[in-house]
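Participant: Below: sequence and its predicted model.
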Amino acid sequence: KAGVTQTPRYLIKTRGQQVTLSCSPISGHRSVSWYQQTPGQGLQFLFEYFSETQRNKGNFPGRFSGRQFSNSRSEMNVSTLELGDSALYLCASSGVVSDLNNEQFFGPGTRLTVL
Amino acid sequence: DAKTTQPTSMDCAEGRAANLPCNHSTISGNEYVYWYRQIHSQGPQYIIHGLKNNETNEMASLIITEDRKSSTLILPHATLRDTAVYYCIVRATGSSASKIIFGSGTRLSIRP
(Lines give C-alpha, C1' and ligand atoms only; values in the text may rest on other atoms or scores of the structure.)
Protein backbone atom coordinates (compact mmCIF):
# COMPACT_ATOMS: atom_id res chain seq x y z
CA LYS A 1 0.00 0.00 0.00
CA ALA A 2 1.29 3.46 -0.80
CA GLY A 3 1.75 5.71 2.20
CA VAL A 4 0.41 9.16 2.87
CA THR A 5 1.60 11.60 0.25
CA GLN A 6 1.89 15.35 0.58
CA THR A 7 2.53 17.93 -2.08
CA PRO A 8 4.49 20.01 -2.49
CA ARG A 9 7.35 18.87 -0.27
CA TYR A 10 8.92 22.32 -0.09
CA LEU A 11 7.43 25.75 -0.60
CA ILE A 12 8.70 29.30 -0.28
CA LYS A 13 6.23 32.16 -0.03
CA THR A 14 6.33 35.80 1.04
CA ARG A 15 4.34 37.51 3.74
CA GLY A 16 0.77 38.28 2.77
CA GLN A 17 0.50 35.51 0.21
CA GLN A 18 -1.71 32.50 0.59
CA VAL A 19 -0.81 28.83 0.19
CA THR A 20 -2.62 25.55 -0.41
CA LEU A 21 -1.14 22.24 0.69
CA SER A 22 -2.39 18.86 -0.43
CA CYS A 23 -2.58 15.47 1.28
CA SER A 24 -3.57 12.10 -0.14
CA PRO A 25 -4.29 9.53 2.57
CA ILE A 26 -3.56 5.84 2.43
CA SER A 27 -6.03 4.13 0.13
CA GLY A 28 -9.15 3.24 2.09
CA HIS A 29 -8.44 5.65 4.92
CA ARG A 30 -11.19 8.16 5.52
CA SER A 31 -9.82 10.22 8.39
CA VAL A 32 -7.25 12.93 7.72
CA SER A 33 -5.62 15.18 10.29
CA TRP A 34 -3.27 18.13 9.88
CA TYR A 35 -0.50 19.26 12.22
CA GLN A 36 1.96 22.13 12.33
CA GLN A 37 5.46 21.52 13.64
CA THR A 38 7.85 24.31 14.60
CA PRO A 39 11.02 24.22 16.68
CA GLY A 40 9.47 26.44 19.32
CA GLN A 41 5.98 24.97 19.66
CA GLY A 42 6.57 21.37 18.66
CA LEU A 43 3.87 19.41 16.91
CA GLN A 44 0.42 21.00 17.19
CA PHE A 45 -2.96 19.76 15.99
CA LEU A 46 -4.66 21.89 13.32
CA PHE A 47 -7.80 20.02 12.25
CA GLU A 48 -9.29 16.61 11.58
CA TYR A 49 -11.60 15.58 8.75
CA PHE A 50 -13.74 12.54 8.24
CA SER A 51 -16.09 12.00 5.30
CA GLU A 52 -15.67 15.58 4.10
CA THR A 53 -16.64 16.98 7.51
CA GLN A 54 -14.38 18.78 9.92
CA ARG A 55 -14.61 16.90 13.21
CA ASN A 56 -12.21 18.90 15.34
CA LYS A 57 -10.19 22.07 15.09
CA GLY A 58 -7.14 23.11 17.02
CA ASN A 59 -6.37 26.52 18.44
CA PHE A 60 -5.27 28.29 15.27
CA PRO A 61 -6.55 31.55 13.75
CA GLY A 62 -9.14 31.58 11.00
CA ARG A 63 -6.40 32.12 8.41
CA PHE A 64 -5.90 28.37 8.62
CA SER A 65 -8.61 26.38 6.90
CA GLY A 66 -9.03 23.00 5.32
CA ARG A 67 -11.34 20.73 3.45
CA GLN A 68 -11.71 17.12 2.47
CA PHE A 69 -12.97 15.76 -0.82
CA SER A 70 -15.15 12.76 -1.53
CA ASN A 71 -12.07 10.67 -2.34
CA SER A 72 -10.69 11.51 1.14
CA ARG A 73 -7.94 13.72 -0.24
CA SER A 74 -7.54 16.84 1.83
CA GLU A 75 -6.20 20.34 1.38
CA MET A 76 -5.29 22.99 3.87
CA ASN A 77 -5.06 26.67 3.11
CA VAL A 78 -3.26 29.44 4.91
CA SER A 79 -4.14 32.98 3.91
CA THR A 80 -2.24 36.19 4.58
CA LEU A 81 0.94 34.36 5.46
CA GLU A 82 3.04 35.56 8.38
CA LEU A 83 6.69 34.84 9.13
CA GLY A 84 5.58 32.67 12.05
CA ASP A 85 3.73 30.33 9.71
CA SER A 86 7.07 28.91 8.58
CA ALA A 87 6.87 25.29 9.67
CA LEU A 88 6.65 21.67 8.68
CA TYR A 89 3.00 20.87 7.94
CA LEU A 90 2.17 17.24 8.48
CA CYS A 91 -0.82 15.26 7.36
CA ALA A 92 -1.86 11.95 8.91
CA SER A 93 -4.50 9.42 7.96
CA SER A 94 -6.12 6.65 9.92
CA GLY A 95 -8.10 3.64 8.84
CA VAL A 96 -11.53 4.53 10.11
CA VAL A 97 -12.95 7.26 12.28
CA SER A 98 -10.75 7.50 15.35
CA ASP A 99 -13.40 5.81 17.45
CA LEU A 100 -11.52 2.58 16.98
CA ASN A 101 -8.28 4.01 18.30
CA ASN A 102 -6.35 3.36 15.14
CA GLU A 103 -2.84 4.61 14.81
CA GLN A 104 -2.13 7.64 12.67
CA PHE A 105 0.07 7.25 9.61
CA PHE A 106 1.96 10.42 8.85
CA GLY A 107 3.11 11.77 5.52
CA PRO A 108 6.56 13.26 4.92
CA GLY A 109 5.29 16.80 5.42
CA THR A 110 5.45 20.06 3.48
CA ARG A 111 8.19 22.42 4.57
CA LEU A 112 6.80 25.96 4.23
CA THR A 113 9.14 28.93 4.45
CA VAL A 114 7.66 32.41 4.63
CA LEU A 115 10.03 35.26 3.74
CA ASP B 1 -0.25 20.05 27.83
CA ALA B 2 1.29 16.67 27.20
CA LYS B 3 0.27 14.06 29.74
CA THR B 4 3.63 12.33 29.54
CA THR B 5 7.16 13.12 30.65
CA GLN B 6 10.24 11.79 28.95
CA PRO B 7 13.97 12.45 29.29
CA THR B 8 15.14 15.10 26.88
CA SER B 9 17.90 12.98 25.41
CA MET B 10 19.55 9.57 25.64
CA ASP B 11 22.27 7.72 23.86
CA CYS B 12 22.94 4.08 23.25
CA ALA B 13 25.68 2.03 21.63
CA GLU B 14 24.91 0.42 18.30
CA GLY B 15 23.83 -3.19 18.69
CA ARG B 16 22.73 -2.74 22.29
CA ALA B 17 19.15 -2.47 23.53
CA ALA B 18 17.80 1.05 23.82
CA ASN B 19 15.36 1.49 26.69
CA LEU B 20 13.30 4.68 26.54
CA PRO B 21 11.25 5.49 29.64
CA CYS B 22 8.00 7.43 29.82
CA ASN B 23 5.98 8.57 32.81
CA HIS B 24 2.22 8.95 32.51
CA SER B 25 1.12 9.05 36.12
CA THR B 26 -2.29 10.58 35.35
CA ILE B 27 -3.26 8.03 32.71
CA SER B 28 -6.93 7.07 32.72
CA GLY B 29 -8.31 3.57 32.48
CA ASN B 30 -9.36 3.92 28.86
CA GLU B 31 -6.16 5.53 27.64
CA TYR B 32 -3.65 3.67 25.56
CA VAL B 33 0.07 4.36 25.48
CA TYR B 34 1.39 5.07 21.97
CA TRP B 35 4.93 5.49 20.77
CA TYR B 36 5.99 7.32 17.63
CA ARG B 37 9.38 8.36 16.39
CA GLN B 38 10.44 11.14 14.06
CA ILE B 39 13.60 11.01 12.05
CA HIS B 40 14.92 14.44 11.18
CA SER B 41 12.57 16.39 8.89
CA GLN B 42 10.29 13.42 8.23
CA GLY B 43 6.78 12.73 9.50
CA PRO B 44 6.36 10.81 12.75
CA GLN B 45 6.29 7.05 12.37
CA TYR B 46 4.05 4.83 14.45
CA ILE B 47 5.98 2.25 16.46
CA ILE B 48 3.70 0.47 18.88
CA HIS B 49 0.84 0.94 21.33
CA GLY B 50 -0.63 -0.88 24.31
CA LEU B 51 -3.22 -0.68 27.06
CA LYS B 52 -1.92 -2.73 29.97
CA ASN B 53 -0.24 -5.82 28.62
CA ASN B 54 3.26 -5.85 27.26
CA GLU B 55 3.34 -5.67 23.48
CA THR B 56 5.92 -6.65 20.89
CA ASN B 57 6.12 -6.16 17.16
CA GLU B 58 8.84 -6.25 14.55
CA MET B 59 10.14 -2.84 15.56
CA ALA B 60 10.06 -2.77 19.34
CA SER B 61 8.66 -3.98 22.64
CA LEU B 62 6.50 -1.97 25.00
CA ILE B 63 6.58 -2.71 28.70
CA ILE B 64 3.82 -1.08 30.76
CA THR B 65 4.02 -1.20 34.55
CA GLU B 66 1.22 -2.89 36.44
CA ASP B 67 -0.11 0.43 37.76
CA ARG B 68 0.15 1.82 34.19
CA LYS B 69 1.86 4.98 35.42
CA SER B 70 4.96 4.41 33.36
CA SER B 71 6.19 2.47 30.38
CA THR B 72 9.40 1.63 28.56
CA LEU B 73 9.95 1.32 24.84
CA ILE B 74 12.67 -1.20 24.02
CA LEU B 75 14.54 -1.25 20.74
CA PRO B 76 16.29 -4.63 21.10
CA HIS B 77 19.28 -4.07 18.80
CA ALA B 78 19.69 -0.39 18.11
CA THR B 79 21.17 0.69 14.79
CA LEU B 80 22.30 4.07 13.53
CA ARG B 81 18.99 4.36 11.69
CA ASP B 82 17.17 4.38 15.03
CA THR B 83 18.55 7.86 15.74
CA ALA B 84 15.38 9.95 16.07
CA VAL B 85 13.10 11.78 18.47
CA TYR B 86 10.80 9.33 20.24
CA TYR B 87 7.38 10.48 21.44
CA CYS B 88 5.29 8.78 24.10
CA ILE B 89 1.61 9.71 23.94
CA VAL B 90 -1.49 8.69 25.85
CA ARG B 91 -4.76 8.65 24.00
CA ALA B 92 -8.21 7.48 25.01
CA THR B 93 -10.30 5.00 23.12
CA GLY B 94 -12.72 6.86 20.92
CA SER B 95 -10.80 10.12 21.14
CA SER B 96 -10.17 12.19 18.08
CA ALA B 97 -6.82 13.09 16.63
CA SER B 98 -7.14 16.42 18.42
CA LYS B 99 -6.33 14.57 21.62
CA ILE B 100 -2.97 13.37 20.34
CA ILE B 101 -0.63 15.70 22.17
CA PHE B 102 3.01 15.34 21.29
CA GLY B 103 5.34 16.49 24.04
CA SER B 104 9.00 17.24 23.54
CA GLY B 105 9.98 13.60 23.20
CA THR B 106 13.35 11.95 23.78
CA ARG B 107 16.15 12.55 21.33
CA LEU B 108 17.88 9.18 20.99
CA SER B 109 21.39 9.12 19.59
CA ILE B 110 22.97 5.83 18.60
CA ARG B 111 26.77 5.76 18.82
CA PRO B 112 28.75 3.54 16.42
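Facilitator: Nice, I can see it. Residues are numbered from 1 along each chain as shown, chains lettered A, B, ... in the order given.
Participant: When you work out contacts or count neighbours from here on, use the C-alpha atoms and nothing else.
Facilitator: OK.
Participant: My understanding was that A:Thr53 contacts A:Ser70; is that so?
Facilitator: No. Assessed by CA atoms under 8 Å, A:Thr53 is found out of contact with A:Ser70, at 10.1 Å.
Participant: B:Arg81 belongs to a helix, doesn't it?
Facilitator: Yes. Assessed with DSSP: H, G, I helix; E, B strand; the rest coil, B:Arg81 lies in a helix.
Participant: burial count for it?
Facilitator: B:Arg81 has 10 neighbours, counted by other CA atoms under 10 Å in any protein chain shown.
Participant: Write out the residues of chain A neighbouring chain B.
Facilitator: Within chain A, the positions adjacent to chain B are A:33, A:42-48, A:56-58, A:88, A:90, A:98-101, A:103-109 by CA under 8 Å from any CA of the partner chain.
Participant: Among these, which lie within strands?
Facilitator: Within the residues of chain A next to chain B, residues falling in strands by DSSP state E are A:33, A:42-48, A:56-57, A:88, A:90, A:105-106.
Participant: I'd like to know which elements the helix or strand harbouring B:Leu62 is packed against.
Facilitator: Counting by DSSP states H and E, the element that carries B:Leu62 is strand B:61-64. Judged by 3 or more CA pairs under 8 Å, 6 or more residues apart in numbering or on different chains; DSSP states H and E, strand B:61-64 is in contact with strand B:45-50, strand B:55-56, strand B:70-75.
Participant: Throw these into TSV and include mean neighbour count and mean pLDDT, thanks.
Facilitator: Formatted as TSV, these follow (neighbours: other CA atoms under 10 Å in any protein chain shown; pLDDT from 0 to 100):
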stretch	mean neighbour count	mean pLDDT
strand B:45-50	20	91
strand B:55-56	16	96
strand B:70-75	20	97
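Participant: Could you tell me how far A:Ser86 is located from A:Tyr49?
Facilitator: Separation of A:Ser86 from A:Tyr49 (CA to CA, to the nearest Å): 23 Å.
Participant: That should have said B:Cys12, apologies.
Facilitator: Relative to A:Tyr49, B:Cys12 is positioned 39 Å away (CA to CA).
Participant: Compare those two (neighbour count), which wins?
Facilitator: A:Tyr49 (25 against 19).
Participant: what's near enough to touch the more buried one?
Facilitator: The neighbourhood of A:Tyr49, defined by CA atoms under 8 Å, 6 or more residues apart in numbering or on different chains, consists of A:31-33, A:55-56, A:67-68.
Participant: Quick check: which ranges of chain A have low pLDDT?
Facilitator: Scanning chain A for pLDDT under 70 picks out the ranges A:1, A:96-102.
Participant: can I assume A:Thr20 is in contact with A:Met76?
Facilitator: Yes. If you go by CA under 8 Å, A:Thr20 and A:Met76 touch, sitting 5.7 Å apart.
Participant: between the two, which one's more packed in?
Facilitator: Set A:Thr20 next to A:Met76 and count neighbours by other CA under 10 Å: A:Met76 wins out with 19 against 13.
Participant: which strand residues sit across from that one in the sheet?
Facilitator: A:Leu21, A:Gly66 (DSSP bridges).
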